[in-house]
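Colleague: need a structure here:
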Amino acid sequence: MNRALYAALAGALFGLGLAVSGMTDPDKVLNFLDVAGRWDPSLAMVMGGALAVTLPGYAWVRRRGRAVCGDALQLPSATRVDARLVIGSALFGIGWGVAGYCPGPALANLAHGSAEAVVFVAAMLAGSQLARRTVAR
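Modeller: Modelled structure (predicted):
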């Protein structure tokens, strides 16, 4: 099986998981963050389920030493927590909390023709380009 097919299968499985769990609905995320109001713990359960599947799979691939498609395993070399990582994580979290979207569900909602998702994805792409240009300087 080639890399593109593995990528398509992984993306389809991820999208299916988002849809089945209801995580394409930004209100689910916003209700998770609303601990003083309409708190909905389902996002934590979805994340826990994702970890329960990912951790054994990741351990298996590390022991194997190669990606499932046969490519060399590429692990990040940076292990230090620096200001760039903290600021980027904070910006991601703030954006997620304000909009109720993270990139995966936003892209999935493009298929529904959601105007909110279109605006979010456009802003996300613009922010990515701005970050690339800032780092390149």
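Colleague: so Tyr6 makes contact with Leu13?
Modeller: No. If you go by CB atoms under 8 Å, Tyr6 and Leu13 don't touch, sitting 10.6 Å apart. All C-beta atoms are positioned from the backbone trio N, CA, C, and that covers glycine.
Colleague: which of these two has more neighbours?
Modeller: Per other CB atoms under 10 Å, whichever of Tyr6 and Leu13 has more neighbours is Tyr6, with 15 against 11.
Colleague: could I get the pLDDT score of that one?
Modeller: We note a pLDDT of 87 for Tyr6 in this prediction.
Colleague: kindly report the same for Met1.
Modeller: Looking at Met1, the pLDDT reads 64.
Colleague: from now on call the first residue 32
Modeller: In the new count, where the first residue is 32, that last one comes out as Met32.
Colleague: could you list the low-pLDDT ranges of the chain?
Modeller: 32 (pLDDT under 70).
Colleague: give me the domain ranges for it.
Modeller: 32-106, 109-168 (automatic domain parsing).
Colleague: count the residues that sit near Gly131.
Modeller: 20.
Colleague: what about the closest residue to Asn33 other than its chain neighbours, which SS state?
Modeller: Closest residue in space to Asn33, ignoring its immediate chain neighbours: Cys100 at 7.2 Å, by CB to CB, 6 or more residues apart in numbering. For Cys100, the assignment made with DSSP: H, G, I helix; E, B strand; the rest coil gives coil.
Colleague: Cys100 reaches Ala35, doesn't it?
Modeller: No. Using CB under 8 Å, Cys100 makes no contact with Ala35, being 9.3 Å away.
Colleague: the two: who's more crowded?
Modeller: Cys100 (12 against 9).
Colleague: quick one, phi/psi of that one?
Modeller: phi -80, psi 0 (degrees, to the nearest 10).
Colleague: please apply the same query to Ala103.
Modeller: The phi and psi values for Ala103, taken as degrees, to the nearest 10, are phi -60, psi 140.
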